[in-house]
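**Q** sharing a model prediction with you, sequence too.
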Amino acid sequence: MGSLIKSEAEIRELKSQVSGKKLILTNGCFDILHIGHLRYLQAAKSLGDYLLIGVNSDNSVKALKGESRPLNNQFDRAEILNGLNCVDFTYIFEEKTAKNLIDLVRPAVYVKGGDYQLENLPEYTILNELKIEVIFLSFIDGYSTTSLIQKIQ
């Protein structure tokens, strides 16, 4: 079962703990967890030894998705993710993008969904500068938190 990393100091500890192993990083809001998220995270984990998920804070989700979001608070979202077998660590970050987290963690691989491409990836500059491999996983059509919310309404 995964664990919530609460501080930058714990990120530094994590880096020494996983030294010599392949650390995979992805990030997102994960507001209402659905099968698309699970399949994505399982595929991300299969790329390395450890999977760290950067969880957007409540404030950053509001900035990205609007005032009505998130539906679940940042600690609940992180705890749910930590309950998945494929997740080793979560870290809640405040920014709208994962640029600072990438610089702090320096993973072997950064993973995003197939709805992104290098051209529209906000973290591209830092990833390129640090020579971090980027892998885009297939987007699973028909699964999104936004569509679930619309269906519920």
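**A** On my side now, so go ahead. Numbering: from 1, shown residues only.
**Q** test my guess that Gln42 contacts Cys86.
**A** Yes. Using CB atoms under 8 Å, Gln42 is in contact with Cys86, at 4.8 Å. Where you see a C-beta, it was placed from the backbone N, CA and C, and this is true even at glycine.
**Q** among these two, which residue is more densely surrounded?
**A** Using other CB atoms under 10 Å, the more surrounded residue of Gln42 and Cys86 is Cys86, with 18 against 15.
**Q** mind checking the SS state of that one?
**A** Secondary structure for Cys86, judged by DSSP: H, G, I helix; E, B strand; the rest coil, is coil.
**Q** which strands or helices does the helix or strand Tyr110 falls within pack on?
**A** Taking DSSP states H and E as the definition, one finds Tyr110 inside strand 109-113. Other elements packing on strand 109-113 under the criterion 3 or more CB pairs under 8 Å, 6 or more residues apart in numbering; DSSP states H and E are strand 23-28, strand 133-137.
**Q** quick one, which of these is nearest to Ile35?
**A** strand 133-137 (14.1 Å; CB to CB).
**Q** residues contacting that closest one, please?
**A** By CB atoms under 8 Å, 6 or more residues apart in numbering, the residues outside strand 133-137 that reach it are 40, 43-44, 47, 108-114, 116-118, 121, 124, 127.
**Q** how about stretch 22-30?
**A** With CB under 8 Å, 6+ apart as the criterion, stretch 22-30 contacts 15, 37, 40-41, 44-45, 47-56, 61, 64-65, 69-70, 77, 80-81, 93, 98, 101-102, 105, 107-112, 145.
**Q** which ones among these lie within strands?
**A** 50-56, 93, 109-112 (DSSP state E).
**Q** of these, which is the nearest to Ile132?
**A** Of those, the one sitting nearest to Ile132 (CB to CB) turns out to be Tyr110, at 5.4 Å.
**Q** and the gap between the closest one and Lys99?
**A** 11 Å (CB to CB, to the nearest Å).
**Q** quick one on the thing from earlier: of the contacts of stretch 22-30, grab the buried ones for ChimeraX.
**A** Buried residues among the contacts of stretch 22-30 (16 or more other CB atoms under 10 Å), as a ChimeraX selection:
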select :37,40,41,44,45,47,48,50,51,52,53,54,55,56,61,65,69,70,77,80,81,93,98,101,102,105,107,108,109,110,111,112,145
